[in-house]
Structure formats: C-alpha cells, structure tokens
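# After the sequence you'll find the predicted model.
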Amino acid sequence: MKLNQRLSKMKALMLLIALTPLIALFSCVDNNEKKDYQNTADIPVSREMVAELTAPPHVPTPVGRRKAKKLIVNMEILEEVGEMTDGVKYTFWTFGGSVPGSFIRTRVGDEVEFHLKNHPDNKLPHNIDLHAVTGPGGGATSSFVAPGKEAQFSFKVLNPGLYVYHCATAPVGMHIANGMYGLILVEPEGGLPKVDKEYYIMQGDFYTKGETGERGLQPFDMKKAVAEDADYVVFNGKVGSLTGDNAITAKVGETVRLFVGNGGPNLVSSFHVIGEIFDKVNVEGGDLVNTNVQTTLIPVGGAAMVEFRVDVPGTFIIVDHAIFRAFNKGALGMLKVEGEEDLKIYSGMQEEGIYQPEGGGIQDMPAVEGADQAVASAKTLEEKMEYGKATYMQTCFACHQAEGQGIANAFPPLSKSDYLNANVNRAIDIILNGKTGEVVVNGVTYNSVMTRQDLTDEEIANVLTYVYNSWDNSKKEVTPAMVRSRRSAH
Ligand code: HEC
Ligand SMILES: [Cu+2]
C-alpha cells in the first residue's frame, strides 16, 4: 500500500471516530422519543405504511422498534359460503374473507387510516366498531358502507392492548353471529417482548336452523341466538380449524404467545390448553399480567394474550373448558410440539387420542327427521301466511328485517309501503326479476340493488300474501296463478 493511500485510509478512520459521538447522539434522540410527548395522543407520526393483514392463525410481523406511522388499513368485507364442519355449509359474513377477520397490528401513536370496502357481490350494508378506537361507536358511526361502496375514517391509536373489532350494523347480533369480528393489537412503544411463535385464535358461537351436524346449507337461526342455544362453539370460524393438519406448532424450548379473542355473540370462553400452564397472561388484553394461570376467562367482546414455554413434546389440546362445547360443539384445537422428551418433566406415558372429540359427533350426526318433508300446498289464508312467513324469514328478513321495517339508507320498508300497496304485479315482478335503480317508498328515495329471488310460484304467492297481510299493508292475496302469468309475461 502506498503512503498516500494509507494516509487517506487513516483520514477516513479519523473522520469516523470524530462522527461517532454524533451518530450516538442521533440514535439517542431516536430512543428518547418518549420525551417528546406527555400523551400518546401527541406522539408524532413519520411517514406512511400499508398495514400487513393476516388470516388466522397467523399474525403480522411484530412492530419492534418502528416509529409511529400513518398506517393504511385496507379491509374488504366478503359474504361467502364456507364450511362449518363436514357437510355443513354456512354463509359467513367476514372482514377480509376469514372468521375471525384479518389481524391488524399497530403500535401506540399510529394514525390509522381505515378503508372499509363492502364487496359489490355482498347483499348487506356493514360497518366496523374497533374497541381500540377512542371515538363514537368505535368507528361504527363513520364506517357504514353499502355493497359496492368504500368508507374511510381515521383514528389515533392511544392505548396499548389487544382489542376486538366487530360489525355493529343492525341487527348487530346477527352480523356478529355470522362471523363479523376480529382482533386489533396495539403494541406499546418498542413492541412486545420477543417470543418464538405467535398465533391468532378467536372463539365464536353459531346458531343454525338445523340441529348440530345437520347437513346442507344452514341458515342463521335468530330464535336460538336469542336463547343463547348454540349449535357450534368454535375456534377460528369452523370445527377443526386448528386440528390435525391445521394444528398450530412449536418446538420444545420455544416460547409461544397466543392472541386469543372472543367474538361471541353470546358465550364467554374458559380458555385452557390441556397439559400447559400459562406462564404469563395479559388479563383481558390489558397491562395487568397474571402468572401461572390454568384457565383464563375471555369475555365476549374481549381478549387475552397468553404466553408459555413448551417444555415437552406432544399434542396439547386447546379448549373452551366449558367442556361439552369442546367435545360436542367444536371448541377444540391442537398445538403440536416436536422435540426431545424430557422425562424429568413428564414421564412419557402419554396416551395420544384420549382427548379426541367423542366419535367426531359433530361430523357424523344423521340428518334429522323432517328434512325431506313433502312441501304441501297452502290452501287457507292462514296456511299461506304460515308458509309465507317461513319464506320471509329465510329469504327477505336479512334485508327487510323482522317487522318489514327495512334499514335506513339501504333497504326500503315493506311495512305500510305505499310502493308495495300501489301495485301487486310490480311487487311480483320485483321478486321474479330483482330491482335496481331508484324507488321512492313513503317519500324516501332508495337506490340500491335487490337481487332476483329464486323461488317457486307458490313460494312467491305465499311470501307476498304474508307481506300484504302484515304490518298494516293492504291485505291483498296473491295466488300462484298470478305469479305464473307475470312469469310468462317476460
Ligand atoms: C339482499 C337484500 C334483499 C333481499 C334478500 C330482499 N330484498 Fe326486497 N329490496 C331490496 C332493495 C335494496 C330494494 C330496493 C331496490 C332499489 O333500490 O331499486 C328492495 C325492494 C323491494 C320492494 C319494493 C319496495 C318496497 O319497499 O315496497 C319489495 C316489495 C320487496 N323488495 C320485497 C321483497 C321480498 C318479499 C323479499 C323476499 C322474497 C325481498 N324483497 C328480498 C333488498 C332485498
Ligand atoms: Cu355486518
């Protein structure tokens, strides 16, 4: 090496040494961000970032040491048929296509810009109430969104913790019962302590027209929901979402953190992992840490973070310890741990399978009698009303509501509807063909979409007879012949 080369190298080295205190000073300012504010509301945000969203049981990357940001959340609502258990289908309403909805990970001080999109193929309006929001309705009042529309609102994340979010559109219970809930995590400054594995688990209870295990596409049952008589109590939206090949995993010696939520709508969870003790629980998802916990209570609309180290291999069964729910209604998951046995901790006389669901009761329940009941023709007005009401509750109820009152800005009322009462043929046509464009009902303009209803002539006659003879309407009787003649008019 030549002398001048060596000199310039030394110069560079000296420059570096001279700069070192400065660099240290800068990184010190960085770490002392706390000093810049009294309140989390005053934490400054730097730059913008699109939030990573994940479906259960996965969670997005930890926030670590990142600074508060403007965080863009793009959440799409999807109404889709999914599987509750083998052979049982259910129409789930979802935030992001999964039950529970996409996991949102933030830190205190983030300014969240929330974009709620309601897919154009959906049938209903929705909104979102995030328990992490300080503001009216937790965002619900600013996020009501019809199919094919997008709503935007922003909020500052003030309190660390694990929070539930859910739809709060009427009938609220029904939206939640169909799966409209999820978790939003707010990490403290500097992030949560590091662990090896993190998973997202959320419990929910479901109510179907048929009995538990009855096959086919099962509609939601309002009566059972009100009676809190659940057909399914499950983790992550379906029976078996966390069992067999879907089990969550860890290796001996690893630390595991579960973000556990409960969407309800009705049942609190006695959350327990068989054969493990929670080393640490952030009770109710807040700052209070309890240690050495066997079972932790997760209220409906609440959450908890549980942490434990796995010391021995095996299959650890995750349950709601209200045990019939686990073995008969689906609230059962598995954590599979691989690694070396430690005979000191556990002797090894492990019997796998001892806690399997009893005979897979849910899967193989035979279809209940009455499923293939012949459809008798309605003769009297009373019978027409009875059959018509059944069709109404299955087909029209979700939009026009139980008393035909509709939903403001979205679904016109059928009760005392001047539009309905003015023209029977027009009403028949609407059910046969669907309806788009403006309609004015009792002086209020609606401009939305009613999809065409796939019903028989008799079903249409009965449902319209039911509607016309309910809620102060004009008491007309619609016959299958009338429907037939409208059908052939096209
Ligand atoms: C997916 C939601 C949805 C379902 C299900 C639905 N409707 Fe509608 N209905 C609407 C919407 C939206 C309109 C207004 C359409 C427009 O703006 O053009 C409407 C309009 C109507 C109207 C005319 C306006 C009024 O209020 O009088 C009648 C009558 C009606 N629906 C009856 C029914 C009946 C009966 C059923 C069940 C067989 C049914 N609808 C199912 C959404 C729905
Ligand atoms: Cu909803």
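Here it is on my side, so go on. Ligands and ions are numbered 1, 2, ... in the order given.

# list the contacts for the residue most central in space within the chain?
In the chain, the residue lying closest to the centroid (Cα atoms, centre = their mean) is residue 181, at 2.9 Å. Residues near residue 181 by Cβ atoms under 8 Å, 6 or more residues apart in numbering: 95, 99-101, 164-167, 202, 204, 261, 263-264. Any C-beta I mention is one placed from the backbone N, CA and C, and that applies to glycine too.

# likewise residue 469?
381, 385, 475-477.

# ditto for residue 121
Going by Cβ under 8 Å, 6+ apart, residue 121 touches 79, 147.

# Tell me the confidence at it?
Looking at residue 121, its pLDDT reads 92.

# Please shift the residue numbers so they start at 35 in all later answers.
Okay, using 35 as the starting number, the last item reads as residue 155.

# just the helices in this structure please.
37-65, 206-211, 256-260, 357-362, 395-398, 415-425, 431-434, 452-456, 458-467, 491-502, 514-522 (DSSP state H).

# low-scoring pLDDT stretches of the stretch 335-484 of the chain, where are they?
Applying pLDDT under 70 to the stretch 335-484 of the chain flags residues 382-410.

# Is stretch 237-253 in proximity to ligand 1?
No - judged by Cβ under 6 Å from any ligand atom, stretch 237-253 and ligand 1 are separated, with a smallest distance of 12.0 Å.

# for that stretch, how far is the first residue from the last?
Length of stretch 237-253, first residue to last, Cα to Cα, to the nearest Å: 20 Å.

# ok, which residues in the stretch 285-434 of the chain are in contact with ligand 1?
429-430, 432-434.

# related to what we said a few turns ago, how close does the residue nearest to the centre of the chain sit to residue 254?
15 Å (Cβ to Cβ, to the nearest Å).

# Any buried residues in stretch 98-111, and which?
100-103, 105-107, 109-111 (16 or more other Cβ atoms under 10 Å).

# Need the max-distance pair from those.
Farthest pair in the buried residues of stretch 98-111 (Cβ to Cβ) is 101 and 111. Separation: 30.6 Å.

# Near ligand 2, which residues of the chain? Just list them.
Residues of the chain lying close to ligand 2 by Cβ under 5 Å from the ion are 160, 201, 203, 209, 214.

# re earlier: so which of the buried residues of stretch 98-111 reach ligand 1?
Of the buried residues of stretch 98-111, not one also sits near ligand 1 (Cβ under 6 Å from any ligand atom).

# Which one of the residues you listed is nearest to ligand 1?
residue 111 (14.2 Å; Cβ to the nearest ligand atom).

# What separation is there between the closest one and residue 469?
In terms of Cβ to Cβ, residue 111 sits 23 Å off from residue 469.

# And residue 424, by the same measure?
As for residue 424, its distance to residue 469 is 23 Å (criterion: Cβ to Cβ).

# Repeat that for residue 501.
For residue 501 relative to residue 469 (Cβ to Cβ), the value is 15 Å.

# Neighbour count: the two, which is higher?
Using other Cβ atoms under 10 Å, the more surrounded residue of residue 501 and residue 469 is residue 501, with 24 against 17.

# contacting residues around residue 509?
For residue 509, the contact set (Cβ under 8 Å, 6+ apart) comprises 502-503.

# Same check on residue 173?
Here residue 173 is in contact with 148, 161-164, 167, 187, 189 (Cβ under 8 Å, 6+ apart).

# go on, residue 367?
Counting by Cβ under 8 Å, 6+ apart, residue 367 has contacts 235, 269-270, 275-277, 281-282, 351-353.

# again, but for residue 448
With Cβ under 8 Å, 6+ apart, residue 448 has these contacts: 430, 434, 438, 440, 454, 501, 505, 507.

# 10 Å instead, please
Contact analysis of residue 448 by Cβ atoms under 10 Å, 6 or more residues apart in numbering lists 426, 430, 433-435, 437-440, 454-455, 461, 475, 498, 500-502, 504-505, 507.

# Which residue is the nearest non-sequential neighbour of it?
residue 438 (3.8 Å; Cβ to Cβ, 6 or more residues apart in numbering).

# next one: residue 83
residue 103 (4.7 Å).

# what about the residue nearest to the centre of the chain, distance to residue 180?
For residue 215, the distance to residue 180 - Cβ to Cβ - is 21 Å.

# and residue 370, bridged to which residues?
Counting by DSSP bridges, residue 370 is bridged to residue 283, residue 349.
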